[in-house]
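**Student:** need a structure here:
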Amino acid sequence: MKLRLLHLILTVVFTLIDRVLTFPKAACSAFVVFLSFKITFWISDLGYTLVPTLFVGLVALFILYCCRRKHLSLREEERKKKSRFVNEFYENTKQRFYPRKVQKLCYRNGTWLTEADGRIIRFRGVNLPAKTPTHEHPISFCDKPFPIKDAVEHFQRLSNFGYNLIRLGVAWEAVMHEGPNMIDEEYLNYLSKLIDIAHEKGLYVLIDPHQDVWSRFTGGDGAPRWTLDACGFQTDCDIFHETGCAVLRAPKMQWPTNYYKLITGTMFTLFFAGDTYAPNQKVAGKSIQQYLQSNYLLFLRAVAKTVAKKDNVIGFGSMNEPNCGFVGQENLNISACPAPFGHVLSTFESMQLGIGKSLKVPYFSKPFVLSSIDYLNPNQMSVWKSEADDVWRNAGVYAIDGNAQPLLIKPNHFSLKENDFMHKFMKPFYESVQSALSEVNPRFVTFAEPHLDASDPFVAIPKGLDDSTFAYAPHFYDFLMLVTKRFFPWLVVDVMLEVPIIFPWFVKWSLKRNLKHLKQSGRSKHHVLLGEIGIPFDMGVDVDYDAAMDRILSPVEDNDVDFTIWCYFSENTKANGDDWNGENLSIRTREGNRGLLSAVRPFAYEYPSNIKVVSQKFDPFSQIYKLSMLSDPRQATNEREGSKAIEIFVPKCHFQGLATTTTFTVSTGSVEYHEKSQTLSWTLGQECISQISLVVSEKLIP
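**Tutor:** Residues are numbered from 1 along each chain as shown. Here you go, the predicted structure:
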């Protein structure tokens, strides 16, 4: 009840403010009001006198007014000069850097080790998206993310950046667009060649079965069209968009609202929980859940067979950003969307649109900003092929009364005891994926990806999964920056506390704390890889994108978590961004690189198994890298003699003066820099020292 009251008050306040203020100021004001109500409710719950919200809001606004952006050590022009230098360095340099060698890896007890000598391998990388086909008639995803003829150039560039892992997007539609078990062999042949070139350039590959809000035909990407047809939906026209049951031409960042609309919600419900909530829905003699999942596993097997003998492929994601659909909703009369954005309607209202009913629905052009009341589905079209295909009417969720009006029969049809979607539905799915992959190659690791859950943003990996076959791959973004397309150095939304955090120091504390909990979601036994992390690059011309990128990557370093940045899309343009739903997050564009001052960072990528990273920290503005590790000389290792060195990627773009201005300070042992591979080898001394440290620093460019 309190949450609904907050939504109502925020909507009124934010809408009024938006009429007279720019959106950034409105966003700040709205979150201040949100904080005010949080404080009010906390004090009320403690039994004290209710503090007037207006007073708390005015105090918070005064704090915001007094808060100033923290200036960094370099002057603005020097910062811009340094940023341009780093972005252009690997394009202009005549020196060719050697890629680091790909080694055959094994995964034991949540740790990646070289098979030959048991040394630990760590990952930094980037996503290569391939969401849309190269051409439609016939459908083909060949040459996505880029043509084979350009692959050497792109992979060499990524190797120069220090990345050793690519999360390679492979859509279900790309492999099986024509129908169940109808494989596009030409595309798989392209994929095989692409991965071989990545191997030559020192890049490991994680196959990412990518999807967003189910498919291209529901406003995202991923699944082929025939999956919608199998579930009873019409698919021969633009009817999803025209009825309001999906948004196909959404303004920026409204595409996630499709998760709460009929088509996407239905597909995820049937895929993960059809046997529970629509047990009578059958296709080709199977339950709808078994039909969808079995074909999805056939898709994964087809890709796995293609890459089975490639040593640089370390595993597969389970599914990118899956969703629970309608599962867990206690009342279908209430919108499940965590914040008013786009057309906001309840699940039952969405079902009504789907059977041809017209409805007046509020439209929010920005979060909490009410812009209009729209009339959806004015032509009263149905998205179902026939009444007999209506899944939820067949399941008894609602009926048609004597006046031909829909009547909700089971408002809590999708309720879930103990609200444990992860253990009841995701865990069996993870195990099915791993079983399918291990049949092809037992070496493949499944990177389990958590379902999106607004009530539990850091949902932990299920207990009982083998830490030698499963890793965990959650995502992390600055929610406020991503949705508003604004960078506030002094403001962030803490998704754990559900409050805004102000002041730069507290912002850093909040992000570091959130990343700590995200790392702990691997239960300390599974390797945690941040499958996606990044920033939008369409926040305005005066934004310090390097500072924005550093703010989100710095707490990742603080918690020593591996990651793959979203994303590298070589066809990015200023007009079309990443060519998908208005997103613009790529560190590469047709014009060149961007954000590399912070995106290219030193890191220890290989070291003996008796050493543990305590912390590593890079300041791209002062050009100082600090590494602290714990060494246990008494712990037995199985490394070959002579392989005791710690290998650290130290990018030449940050540390150019190796003979003059770059300094290396170590607590023990000696260092040697290999300029051709941008690698620093740190050989430890013979002393029995547990805490060891290294500092690399560079004098600032005059």
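
**Student:** contacting residues around the residue nearest to L518 when sequence neighbours are not counted?
**Tutor:** The shortest distance from L518 to any non-neighbouring residue, by C-beta to C-beta, 6 or more residues apart in numbering, is to F458 (5.2 Å). In this view, the C-beta of every residue, glycine as well, is placed from N, C-alpha and C. Residues counted as contacts of F458 (C-beta atoms under 8 Å, 6 or more residues apart in numbering) are 474, 496, 514, 517-518, 520-521.

**Student:** now list the buried members of those residues.
**Tutor:** Buried residues within the contacts of F458, counting neighbours by 16 or more other C-beta atoms under 10 Å: 474, 514, 518, 521.

**Student:** need those in JSON lines with distance to T573, can you?
**Tutor:** Below are the buried ones among the contacts of F458 laid out as JSON lines (distance: C-beta to C-beta, whole Å):
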{"residue": "P474", "distance to T573": "30"}
{"residue": "N514", "distance to T573": "33"}
{"residue": "L518", "distance to T573": "33"}
{"residue": "S521", "distance to T573": "36"}
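
**Student:** filter those residues down to just the ones in helices.
**Tutor:** Mapping those onto helices (DSSP state H) picks out 514, 518.

**Student:** and the buried ones among the contacts of F458, which is closest to R167?
**Tutor:** Distance to R167 across those (C-beta to C-beta) is lowest for P474, with 13.0 Å.

**Student:** got the contact list for that closest one?
**Tutor:** 449-450, 458, 518, 521, 528, 530-531.

**Student:** nearest to S554, of the buried ones among the contacts of F458?
**Tutor:** N514 (12.6 Å).

**Student:** got a pLDDT number for that closest one?
**Tutor:** pLDDT for N514: 95.

**Student:** for it, give its distance to G328.
**Tutor:** Per C-beta to C-beta, to the nearest Å, N514 is found 23 Å from G328.

**Student:** now I646
**Tutor:** From I646 over to G328 the distance is 46 Å, taken as C-beta to C-beta.

**Student:** okay, those two: which has more neighbours?
**Tutor:** Taking other C-beta atoms under 10 Å, I646 and G328 do not tie; I646 has more neighbours (26 against 16).

**Student:** hmm, the more buried one is touching E672, no?
**Tutor:** No - counting by C-beta atoms under 8 Å, I646 stays clear of E672, with 11.5 Å between them.

**Student:** which neighbours do those two share?
**Tutor:** What both I646 and E672 touch, as defined by C-beta under 8 Å, 6+ apart, is the set S681.

**Student:** show the pLDDT at F444.
**Tutor:** F444 is assigned 98 on the pLDDT scale.

**Student:** what number of residues lie near it?
**Tutor:** 24.

**Student:** list just the nearest of the contacts of F458 to V561.
**Tutor:** Comparing the contacts of F458 against V561 with C-beta to C-beta places L518 closest, at 7.6 Å.

**Student:** ok, now how distant is the closest one from L529?
**Tutor:** Relative to L529, L518 is positioned 11 Å away (C-beta to C-beta).

**Student:** overlap in contacts of those two?
**Tutor:** Joint contacts of L518 and L529 (C-beta under 8 Å, 6+ apart) are V561.

**Student:** name the SS class of the residue lying farthest from the centre of the chain, please.
**Tutor:** What lies farthest from the middle of the chain is G402; by C-alpha atoms, centre = their mean that is 47.4 Å. Judged by DSSP: H, G, I helix; E, B strand; the rest coil, the three-state class of G402 is coil.

**Student:** also A304?
**Tutor:** Here A304 is helix, with the state taken from three-state DSSP.

**Student:** excluding covalently adjacent residues, which one is nearest to it?
**Tutor:** Nearest non-adjacent residue to A304, counting by C-beta to C-beta, 6+ apart: V440, 4.0 Å away.

**Student:** ok, that neighbour - contacts?
**Tutor:** Contact analysis of V440 by C-beta under 8 Å, 6+ apart lists 301, 304-305, 308.

**Student:** list just the nearest of these to L465.
**Tutor:** Comparing every one of the contacts of V440 with L465 (C-beta to C-beta), the shortest separation belongs to A304, at 18.9 Å.

**Student:** pretty sure the closest one is touching S438, no?
**Tutor:** No - contact between A304 and S438 fails when scored by C-beta under 8 Å: they sit 9.2 Å apart.

**Student:** who touches both of these two?
**Tutor:** In contact with both A304 and S438: F444, using C-beta under 8 Å, 6+ apart.

**Student:** out of the two, which sits in the busier spot?
**Tutor:** The neighbour count for A304 versus S438, taken as other C-beta under 10 Å, is higher for A304 (21 against 15).

**Student:** so K626 touches I692, yeah?
**Tutor:** No - with contact defined as C-beta under 8 Å, K626 does not count as touching I692 (11.9 Å).
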